[in-house]
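Chemist: model the structure of this input:
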Amino acid sequence: MDLLDLARNRKTVRRFSKEVPPLEDVMYALKVAKEAPSGMNSQPWHFVVVKDDQIKSKIREVCEAAEKEFHEKVKGKLGNWLKETGIDWRKDFLSKAPYLIAVLGNSREPYWIQSVWLSVGYVLLALEEKGLGTVTYTPPNPRDVERVLNVPKGWNLQVILPVGYPDDEKPKYRRKKLENIVSFDLFTPRKW
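Modeler: As a prediction, this is how the structure comes out:
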């Protein structure tokens, strides 16, 4: 499968099979991630792979507490989208996925946010290549999760990637057409 096929097939997965994938497949995705470009070649990322059920449950507990509060307050476009999709404060995938990958960035490095997110993109495609699914979950309370994971000062949680074999029949969200997102020479916005 070529890169475009991997990108076309990759979708957000929030439900996972109970079958535990080989850890080697997760490590493969992280080997791919470390090849991402970074500002000044600082490679300002660190990946914490969580396998322990108690730690996953604690992460879920602190995230759901903050999610419940967030969902009670969110309005506007995001609030409407969450209601339309049925996404609520419950984050079962945080304890049910066989693995969680907490992606951290070293905030003392230049361009650390951009660099870390480039590595996340690499992880997503590598997981797809191995037949694994994930969702890019950004908790509303990253500091609470950092405390659970014993993250030192200067490192910031960017995303949690629950990883496993997909058990989610939901189709991939529709993508915009290329002609709606590309302009030549001057910016020309188009509707989709």
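Chemist: next, the residue lying closest to W117 once chain neighbours are set aside: secondary structure please.
Modeler: Spatial nearest neighbour of W117, excluding adjacent residues (CB to CB, 6 or more residues apart in numbering): Q158 at 6.9 Å. Quick note: C-beta positions are derived from backbone N, CA and C, even for glycine. Classification of Q158 into helix, strand or coil gives strand, according to DSSP: H, G, I helix; E, B strand; the rest coil.
Chemist: oh, and call the first residue 29 from now on, that's how I've got it
Modeler: From this message on, residue numbering opens at 29, which makes the last subject Q186.
Chemist: got the contact list for Q186?
Modeler: Applying CB atoms under 8 Å, 6 or more residues apart in numbering, we find Q186 in contact with V131, L132, G133, I141, V144, W145, V148, T166, P170.
Chemist: looking at those residues, which one is closest to D213?
Modeler: Nearest to D213 among those: W145, at 27.3 Å, using CB to CB.
Chemist: any idea how far the closest one is from K198?
Modeler: Spatial separation of W145 from K198 under the definition CB to CB, to the nearest Å is 24 Å.
Chemist: just the buried subset of the contacts of Q186, written out for PyMOL, thanks.
Modeler: Selecting only the buried entries of the contacts of Q186 in PyMOL, with 16 or more other CB atoms under 10 Å as the criterion:
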select buried, resi 131+132+133+144+145+148+170
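Chemist: what about A130, how many neighbours?
Modeler: Residues lying near A130 (other CB atoms under 10 Å) number 23.
Chemist: is it part of a helix or strand, or is it coil?
Modeler: When classified by three-state DSSP, A130 comes out as strand.
Chemist: got a list of what the most centrally placed residue in the chain touches?
Modeler: The central residue of the chain, meaning the one whose C-alpha is nearest the mean C-alpha position (CA atoms, centre = their mean), is T164 at 2.0 Å. Applying CB under 8 Å, 6+ apart, one finds that T164 lies in contact with T40, V148, L152, V187, L189.
Chemist: apply 6 Å and report the result again.
Modeler: Contact criterion CB atoms under 6 Å, 6 or more residues apart in numbering gives V187 as the residues in contact with T164.
Chemist: any idea how far N208 is from it?
Modeler: 23 Å.
Chemist: do the same with L122
Modeler: Looking at L122 against N208, where the rule is CB to CB, the gap reads 34 Å.
Chemist: who has more neighbours out of the two?
Modeler: For L122 versus N208, neighbours defined as other CB under 10 Å are more numerous around L122 (25 against 12).
Chemist: let me know the pLDDT of the residue lying closest to the more buried one once chain neighbours are set aside.
Modeler: Taking CB to CB, 6+ apart, and ignoring the residues beside it in sequence, L122 has R88 as its nearest neighbour in space, at 3.8 Å. Predicted confidence (pLDDT) for R88: 98.
Chemist: fine by me, thanks again.
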